[in-house]
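Q: I would like the atomic coordinates for the input below:
(one chain, ligands or ions: 1)
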Amino acid sequence: MTVSNKPEAVILDIDNTVLSCDLRRALFCSEILGRHVSEEEVRHDLYCSRLLSGKMQERYFNAFLSTRLMSVDVPYPLAVDTIEVIRDRGVKIVYLSGRFKSPADKEKITIEHMKRHDLYKDGDVAIFKPSSSVHDRDFKKDAISSLKRKYDILWAMEDTPRNLRVFKDFGIFSVGITTSYPPIRFDFADLVVDGWSELKKLIEEKNDCAFHDKNDQSNVQ
Ligand SMILES: [Mg+2]
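A: Numbering: from 1, shown residues only. Down below sits the predicted model:
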């Protein structure tokens, strides 16, 4: 077995993985529909397709892609605590997000917001999409290739099966969090958790941030 001397890292998506965007999404739907929409109504419906159709959905996407109301996003319960446990063990926190730097600069707003919520601390890494015109998957593929050269990636977590699949395809231990999709959509994942408390419990029980067997050749990167 090749023993890696690269620093260990975990890769985390931001939207609906560490930060819940459900309130922001519900507020946009409220504006469009002209009635109160609860977070419950938009939960597990990332594109709000149950509530909105055609032109309405287009308005929703434009609003979501803007920087408006980004400050209402909040960390999921125990996300901050769990990330702190991982950091304390010397594992690098890498945020890899489809939030883009152009045409609007979501990077600056996001970092400031995450700092306020103790999600982003000195030493963390955050990589954002250069432009809204780049496809999330292509951006993440490129970023993962360079991150793999630099770090021993213990696992990666995503709320969307489509993006999580990219990590799986790179041989990275994939963790699905069921904040946006039901567990059945993550049937290919190496681990599925229903929230951060479950993840925290697993890390504490194992007394290790890695979920895979480090002696297992299939996970050697
Ligand atoms: Mg996401």
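Q: next one: phi and psi at the residue in the chain positioned nearest to the ion?
A: The nearest approach of the chain to the ion comes at Asp15, 3.9 Å away (CB to the ion). C-betas here are computed from N, CA, C, even on glycine. When quoted as degrees, to the nearest 10, the phi and psi of Asp15 stand at phi -60, psi 120.
Q: cool, and the one 10 residues further on?
A: Recorded main-chain torsions at Arg25 are phi -60, psi -40, according to degrees, to the nearest 10.
Q: how about the strands of the chain, start to end?
A: 8-12, 19-20, 74-75, 92-100, 125-129, 152-158, 174-177, 191-193 (DSSP state E).
Q: tell me the angle of the fourth one relative to strand 152-158?
A: For strand 92-100 against strand 152-158, the angle between stretch directions is 40 degrees (axes from the mean of the first three to the mean of the last three CA atoms, to 10 degrees).
Q: got the residues of this structure near the ion?
A: Neighbours of the ion within the chain, by CB under 5 Å from the ion: Asp13, Asp15, Asn16, Asp159.
Q: For these, please prepare JSON lines with the additional fields neighbour count.
A: Shown next, in JSON lines, are the residues of the chain next to the ion (neighbours: other CB atoms under 10 Å):
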{"residue": "Asp13", "neighbour count": "24"}
{"residue": "Asp15", "neighbour count": "22"}
{"residue": "Asn16", "neighbour count": "21"}
{"residue": "Asp159", "neighbour count": "23"}
